[in-house]
Every structure is written in structure tokens, then in C-alpha cells.
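Chemist: below: sequence and its predicted model.
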Amino acid sequence: MTDTFLTVEETAAFLDANPTVSWIDILLFDINGMPRGKRVRRGDLVSAAKSGLLLPASVYVLDPRGNSIAETGRLWETGDHDIPFRILSGTLRPVPVNGSTHGQAVMVPSEGCDMDPRGVLAAQVSRLGKAGQKPVVAVELEFYVTRRMPDGNFSLITPPGLSADPDRPMTFGFEEMDTLGPFIDDVYRVAEAQGLPLDAVMQESGPGQFEINLKHSDAMSAALDGLLLKRAVKAAARAHDLEATFMAKPHHDWTGSGMHIHVSLVDTQGNNLFAGEPMSPMFRQAIGGLRASMPDFMAVWAQSANAYRRYVPESYVPMAAHWGFNNRTVALRVPHCSGPATRIEHRVSGADANPFLVVAAILAGVRHGLVNGVDPGQHAQGNAEELDGAELPTAWVNALQTFRSSDVVREAFGEAFQDVYFRLKETERISFERIVTSLDHEWYAQVA
């Protein structure tokens, strides 16, 4: 895959068309999927387009709080060298909220980097491409909208006009979308300005919870669109004195937020390779590979301590690697479709996961099935939670150990990335679990 970089002419056209833009965020996405980068002045944008930017290699291996993690072996041992970056063509766009004074663009390493999650995905796309197979992907994201607190701290308080009663679910209703209509309008306005192919929005079952779907695209574009959608939602929320969170489980009694990925393969003429009556052999093998490799990539599907709280019974969150037709209790759902629309819906990931890595892991599973001719076994019928099956490692420590020792992960992501991702997340896990919380005191202080 060859990237096309921003030209001086494209930059000049953007500045002419957006005279109110004073600052431009030039960003990348780290291993956690968090945006990192530099904010440049309008007058410096042409220079950035022409010459690129430099950032330390450790920018990719920060934890969610922004700490450099020495345990990754990518700080003192390497000298934390700079990496040259260039801005991707087509990503320089306005952010039309709060007076439209800001723009943004996405940068990528111009010389490659083994810790770049986008590069990990590109490698999977390239491998499939060599076999004449092109992945087509769509991302669906769930999130909560809350009030913005004056002190800047996060608090899961439902915005005015919305019910905070979890026993009064309004799934697929319109009341909350009507109440937050101006916010939703701005999400779509930002998305349109940035070329994000948004599809439907729907009200989910949690208080102030919504889902927005993106239309299908090539895998690289779809994953980036998922990341940029998160940023668009957060920008629109701030403009309305709200906050949006993609935490996988923001409240123990409320529905979790997931990231569902739809994927198919097409040939060089655009024919869906999964299509068949009832299933093509490639479709079966793809599902088989995804089932077999699902535990290996659990640390990607659930990348945070909070993400593992989402895996609870009777929540439409799969905890075993089942597959089935038009069945929302399974991990791999074949939607009610046929012909060119034939696809797999992967339902395991939390909304906080990094779409670059989630899609890369899915494609690695698909390829594992195709290369090894993996049979998916019998499809699940009815409630898959009541069936025996390969359980997923729904404890973080187990998921990380499985990821670390997996030959499938090593072959797909590379030994260096596998090792650094494990070290980064294991350090985060240990740091998180050592903290004594108020719940410890409430439950144990007077009984110990």
C-alpha cells in the first residue's frame, strides 16, 4: 500500500476555502487509539505539508493517561528517536463547531514504524491483496452522552430532559434523539465536512446511549473513519456543553457500549467472495478462522480494565466464540442478507478499542481460516449463552497471557508488536489493579 501525502496545492485550497480556521490539529492514533500530535498555526500549515513533522517514537506506546511506559523497552533502550511524519492527502478538513476556527489532519510515518497500529492493519490488507482479496468493512459505534461537569471531571449524569432510569429503556425510540437533536445535528455536520460516511443513528437501551453506523468502505478507510467519528462526536458534545464517552461499561447497571464490525471479501472485480447458497467455502473458512483465533485477540477486543466489565450474561455481549445466522447472541453473526451484501458481523469488541487493531485482528482471523482451511463447526441456534463452546478469556490477565503466547498473533502482528503491546497493557493492568478504591473500604474495612 502506498500512501498519498498532502500537497502544497491541496493545503492552499483548504486555507482559501476555510478563512476562519486559525489552528489545525495534526494527529496520529497511538496503540490505544487515542489521538496524539501537534497543533499548528494557520501560517505554518504549508510548511508542515511540504516538510512533514517529527515526533518521538514513544508517542505510540503511551498509556491512556499519557505516560511513557519504560517497560515497553522503547524509551531508554532506543534513545527515543524521532520519526518523520507526513500528512495524509484527503484528511485535512475543518471542524465546524465553536466558530469553525479549527481544522484537523491525519499524519502517518513516512518511513514506517513497527509500533504503528495503522501499519499493522495495512500489513493484513496487503497479505489478503496478494491473494486477490479485498476486505470491505463497516464500523458501528455505541456511546453515552452525559453532562459536562464544571470542574472538568467525568461524571455519568444524564443530560437534562433525558431519563436516568435504567429500567425504562427506550431502545429504537426517538424521545432522547429529539431532546439531543442539536447535538446529533452537529455530529452529522462535522462528519459531512470531514467526509465521514455516516449512516443511521439510533437510540440504545442505556440512558443517553446512542449508536451511529458508518457505511462500508475499504478496511483502511473504515478503521480511520471509526476513529475520526469518535473525535467528531466528542467535538459536537463539547459544543453543547455535554460530554461523550466510548467507555465499554460506564455504569455497572447500564448497557455496555460495543464496536461491531461488518466484514466481507471481494475479488479484483468486486464480486463478494462470501456469497453462496447457503454459504461459500471461503465464507465458512473465514468464520472458522475467526472462531479459532478469537481468544488470541481478546486483549485487542477488550483493551482496558473497564472493557472486561462489559462481558456479563444476558447483555448481547458474547463470551464464547459461537457463530450463527441472524442471531444476536453469538460472537460472529451472519446478518439476514445474501449476494453482494453477504458479510460477517463481529460483535465482541468494546467501543473503547482501537479500530485499526480491531479490524487488523479480524482480518488476521479471516486469513488464518482461509490459509488453513478451518471449518467453523455447527452454527448456534437460539440462545448461544446456553451452549457449550470455546469460552473467551474475559479476565484481563488471562487475555493478555493468551495474546502474549499466541502464534497466530505473532504471525499476524509481528513479534515486536506482540511483545510491546503485551508489556504496555500488562503495565497498565498492574497499575490499575494496585489502586485501593472507596469500594474496598465500603465492603471490607469493617469486616476484616
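Modeler: All right, it came through fine.

Chemist: wait, Arg423 sits on Ile69?
Modeler: Yes. The pair Arg423 / Ile69 is scored as a contact, 7.3 Å apart, by Cβ atoms under 8 Å. No exception for glycine: its C-beta is placed from N, CA and C like everyone else's.

Chemist: for the helix ranked longest in the chain, buried residues please.
Modeler: If you go by DSSP state H, the chain has its longest helix at helix 219-239. Residues of helix 219-239 classed as buried: 219-237, 239 (neighbour count, 16 or more other Cβ atoms under 10 Å).

Chemist: how many neighbours does Gly33 have?
Modeler: Look at Gly33: counted by other Cβ atoms under 10 Å, it has 21 neighbours.

Chemist: next: Gly208.
Modeler: Neighbours around Gly208, by other Cβ under 10 Å: 26.

Chemist: measure it to Ala200 for me?
Modeler: Counting by Cβ to Cβ, to the nearest Å, the gap from Gly208 to Ala200 is 18 Å.

Chemist: same check on His336?
Modeler: Here His336 is placed at a distance of 16 Å from Ala200 (Cβ to Cβ).

Chemist: just checking, Thr394 touches Met319?
Modeler: Yes. Applying Cβ under 8 Å as the test, Thr394 and Met319 come out as touching, 5.7 Å apart.

Chemist: let me know the secondary structure of Glu314.
Modeler: Classification of Glu314 by DSSP: H, G, I helix; E, B strand; the rest coil places it in coil.

Chemist: identify the residues contacting the nearest residue to it once chain neighbours are set aside.
Modeler: Distances taken as Cβ to Cβ, 6 or more residues apart in numbering place Glu385 nearest to Glu314, at 7.1 Å, with adjacent residues excluded. Residues near Glu385 by Cβ atoms under 8 Å, 6 or more residues apart in numbering: 313-314, 319-320, 329.

Chemist: out of those, which are buried?
Modeler: Buried subset of these (neighbour count, 16+ other Cβ under 10 Å): 319-320, 329.

Chemist: I'd like to know which elements the longest strand seen in the chain is packed against.
Modeler: Taking DSSP state E as the assignment, the strand of the chain that covers the most residues is strand 134-147. Strand 134-147 sits against helix 117-130, strand 209-214, strand 217-218, helix 219-239, strand 242-245, strand 259-266, helix 355-372, with contacts defined as 3 or more Cβ pairs under 8 Å, 6 or more residues apart in numbering; DSSP states H and E.

Chemist: so where is the protein shaky, pLDDT-wise?
Modeler: Along the chain, segments meeting pLDDT under 70 span 1, 166-167, 169, 448.

Chemist: pick out the residue nearest the middle of it.
Modeler: The centre of the chain sits closest to Pro355, judged by Cα atoms, centre = their mean, with a distance of 2.8 Å.

Chemist: look up how far Ile24 lies from that one.
Modeler: To Ile24, Pro355 is 23 Å away according to Cβ to Cβ.

Chemist: again with Arg148
Modeler: Distance, Arg148 to Ile24, using Cβ to Cβ: 25 Å.

Chemist: those two: which is more packed in?
Modeler: A count of neighbours by other Cβ under 10 Å puts Ile24 above the other of Arg148 and Ile24, at 28 against 18.

Chemist: show me what contacts the more buried one?
Modeler: For Ile24, the contacting residues are 39-42, 45, 92, 102-105, by Cβ under 8 Å, 6+ apart.

Chemist: switch to 7 Å and redo it
Modeler: Residues in contact with Ile24 (Cβ atoms under 7 Å, 6 or more residues apart in numbering) are 40, 45, 103-105.

Chemist: ok so, going back, farthest pair within the contacts of Glu385?
Modeler: Greatest spacing in these, by Cβ to Cβ: Glu314 and Ala320 (13.8 Å).

Chemist: all strands for the stretch 1-150 of the chain, in order.
Modeler: Taking DSSP state E, counting those that start in this stretch as the test, the strands found in the stretch 1-150 of the chain are 23-29, 35-41, 53-56, 82-87, 93-95, 102-109, 134-147.

Chemist: next, the buried residues of the third one.
Modeler: Spelled out, it's strand 53-56. Within strand 53-56, the residues scored as buried using 16+ other Cβ under 10 Å are 53, 55.
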